[in-house]
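[1] With the sequence up front, the predicted model follows.
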Amino acid sequence: MSLKAFHIVFIVASALLSLGFGVWALTGDGAFSAAAAGVAFLVGAALVVYGVRFLKKVARTGYIAGGKL
Amino acid sequence: MQIPFTVAPRPDTGVNNAKIGVWLFLASEVMLFGGLFSAYIFLRIGAPEWPGEIGGHMYERASDILNVPLATLNTIILIGSSVTMVMSWASLAMKRFDRYRLYMGATIALGFAFLIVKAFEYGEKFSHGYLPAENNFLAIYFVLTGLHGLHVIGGIIVNMYFMWPGARMWKTDPKRFTNRIEIAGLYWHFVDLVWIFLFPTIYLL
């Protein structure tokens, strides 16, 4: 597995963690929990957007040469 | 003497020797961390309370004793470092050595930031007398996060080598140097992925 493929796996895992953390934070009480959940969902969404853009870039330009995806 | 298949793929495996080597190493790392995760699961299954009594107080959730905000910050730091690591490799593939230096420098800085935050977290525990010998939860917490921290230190040392003395190879053999950064990137991603599993397991569940 190449670095770009492993990077995609890592971004997927990170996005799932962010969303899971957001759900976990929602189960808590107080302002911190609400803020943490908001930040987690934002980070999760950002990671999904980044992951899709990274995938498209790899597919379109192919500039990241070397290894198999 | 030329070392064969450092960049070009071997006909029998389909990949170069460096990649085979790092994946074999990472497989051994999976077994190391997997064994410790198994130890965590069995300790937890066998415990009547988790985390249990620590320093005369009964804790019902790990997040009551561990600093979740600091661990969350560290998670964001490591995710960012993986992005900068892959960008440093992509920069070399595009023959932009100046940008490689920038991204690799950021990766090293983020690695140090992780360790500084972790040092604050450990210091907080030590100041309260929460040591590994206190109970099983703290023992497995310090073993897992400590071992992960040692891997981060190892990654920083490798990245620093490629940032300074090892970077001379870029002038003599750029393809091989680019391949070395990919190998270092695979290791760095693995270390970050371990944290992605560690964080919810130890801090949240």
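    Sure, I can see it. Fair warning: this is a prediction, and the values are worked out from it, not measured in the lab. Numbering: from 1, shown residues only, chains lettered A, B, ... in the order given.
[2] what ranges do the helices span in the chain?
    By default, I'm working from chain A. Counting by DSSP state H, chain A has helices at residues A:3-26, A:30-61.
[3] not quite, I wanted chain B
    According to DSSP H, the helices that chain B contains are B:17-46, B:62-65, B:68-93, B:97-127, B:136-163, B:169-172, B:174-198.
[4] hmm, back to that, tell me the most buried of the helices of chain A?
    Of all the helices of chain A, helix A:3-26 carries the top mean neighbour count, a mean of 19, counting by mean count of other C-beta atoms under 10 Å in any protein chain shown. Where C-beta positions appear, they are placed from N, C-alpha and C, glycine not excepted.
[5] Who are the packing partners of that one?
    On a contact count with 3 or more C-beta pairs under 8 Å, 6 or more residues apart in numbering or on different chains; DSSP states H and E, helix A:3-26 meets helix A:30-61, helix B:68-93, helix B:174-198.
[6] Alongside chain A, which residues does chain B contribute?
    B:14-15, B:19, B:23, B:68-69, B:72, B:75-76, B:79, B:82-83, B:86, B:89-90, B:93-94, B:178-179, B:182, B:185-186, B:189-190, B:192-193, B:196, B:199-200, B:204 (C-beta under 8 Å from any C-beta of the partner chain).
[7] from those, which would you call buried?
    When the residues of chain B next to chain A are checked for burial by 16 or more other C-beta atoms under 10 Å in any protein chain shown, the buried set is B:15, B:19, B:68, B:72, B:75-76, B:79, B:82-83, B:86, B:89-90, B:93, B:178-179, B:182, B:185-186, B:189-190, B:192-193, B:196, B:199-200, B:204.
[8] tell me the contacts of the residue nearest to B:Lys175 when sequence neighbours are not counted?
    Excluding the flanking residues, the one nearest B:Lys175 by C-beta to C-beta, 6 or more residues apart in numbering or on different chains is B:Val7, at 5.0 Å. Residues near B:Val7 by C-beta atoms under 8 Å, 6 or more residues apart in numbering or on different chains: B:Asn16, B:Lys175, B:Arg176, B:Asn179.
[9] Quick one: residues contacting B:Trp160.
    You called it Trp, but residue B:160 is Met. Going by C-beta under 8 Å, 6+ apart, the list of residues near B:Met160 reads B:Ile108.
[10] per-residue confidence at it?
    B:Met160 is assigned a predicted lDDT (pLDDT) of 98.
[11] just A:Tyr63 next, same as before
    If you check A:Tyr63, the pLDDT there is 49.
[12] quick one on the thing from earlier: quick one: which of the helices and strands packed on helix A:3-26 is nearest B:Gly155?
    helix B:174-198 (5.1 Å; C-beta to C-beta).
[13] how distant is that closest one from the center of its chain?
    9 Å (C-alpha atoms, centre = their mean, to the nearest Å).
[14] Which neighbouring elements make contact with that helix?
    Short answer (3+ C-beta pairs under 8 Å, 6+ apart): helix B:174-198 packs on helix A:3-26, helix B:17-46, helix B:68-93, helix B:97-127, helix B:136-163, helix B:169-172.
[15] Pick the most buried one from these.
    Greatest burial across those, using mean count of other C-beta under 10 Å, falls to helix B:68-93, with a mean of 22.
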